[in-house]
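Visitor: Generate coordinates for the sequence data below:
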Amino acid sequence: MTTPHLSLGPPLPAARATEIRTLVTRTTRWVSDRADVTGLLLVGSCARGDARPGSDVDLVLLTTEPEAYHGAPWARQLGLLVPVRSQPWGAVVEKRFATPSGLEVEFAVGAPSWAGTDPVDPGTRGVVNDGALVLHDPAGVLARLVEVCRGG
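Guide: Just a heads-up that it's a prediction; the model follows:
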């Protein structure tokens, strides 16, 4: 398993860029050991390569067991010790955390159906077209979603 190279943009301080890369690598490795996780997608400014000092890290975590992510114990395994909020957003539930440095990390946790392509949900299409980098995709579902959203 290799994590794609993240081009985070020149306005980002080196320490913050390193923190983001470390978090993304650690999260990608962590999900690769979990049988319930069917996909991990980096979205938003970090995926587009134009993260700024105040940017957060946005991840979509697809799992066959979304209820296992209702609390925060799983996030502590990733070093995310400060829960900020949890709220539903359509087919996913936002789980937002902060690192000790203040970096905010948002997980949109949902079922694999979020990545459905027949047809693609308009909200899902918007998220993907705003910047998406596939990090973990054992069955190729996220790669297919990105391809469909980008007109392929």
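
Visitor: low-scoring pLDDT stretches of the protein, where are they?
Guide: 1-5, 152 (pLDDT under 70).

Visitor: so where's the longest helix in it?
Guide: The residue-count maximum for a helix in the chain (DSSP state H) belongs to helix 14-32.

Visitor: Tell me which other helices or strands that helix touches.
Guide: Judged by 3 or more Cβ pairs under 8 Å, 6 or more residues apart in numbering; DSSP states H and E, helix 14-32 is in contact with strand 37-43, strand 57-63, strand 132-136. C-beta coordinates here come from the backbone N, C-alpha and C atoms, glycine included.

Visitor: could you redo the last one with a cut-off of 10 Å?
Guide: strand 37-43, helix 45-48, strand 57-63, strand 104-110, strand 132-136 (3 or more Cβ pairs under 10 Å, 6 or more residues apart in numbering; DSSP states H and E).

Visitor: In CSV, list those along with mean neighbour count.
Guide: Formatted as CSV, the helices and strands packed on helix 14-32 follow (neighbours: other Cβ atoms under 10 Å):
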stretch, mean neighbour count
strand 37-43, 23
helix 45-48, 22
strand 57-63, 24
strand 104-110, 22
strand 132-136, 22
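
Visitor: so which of these comes closest to Thr28?
Guide: Distance to Thr28, taken as Cβ to Cβ, is lowest for strand 132-136 among the helices and strands packed on helix 14-32, at 4.7 Å.

Visitor: Spatially central residue for the chain, please.
Guide: Leu59 (1.3 Å; Cα atoms, centre = their mean).

Visitor: Now do the contacts for the residue nearest to it when sequence neighbours are not counted.
Guide: The shortest distance from Leu59 to any non-neighbouring residue, by Cβ to Cβ, 6 or more residues apart in numbering, is to Phe107 (5.1 Å). Residues near Phe107 by Cβ atoms under 10 Å, 6 or more residues apart in numbering: 27, 40, 57-61, 69, 74-75, 78, 80, 86, 92-97.
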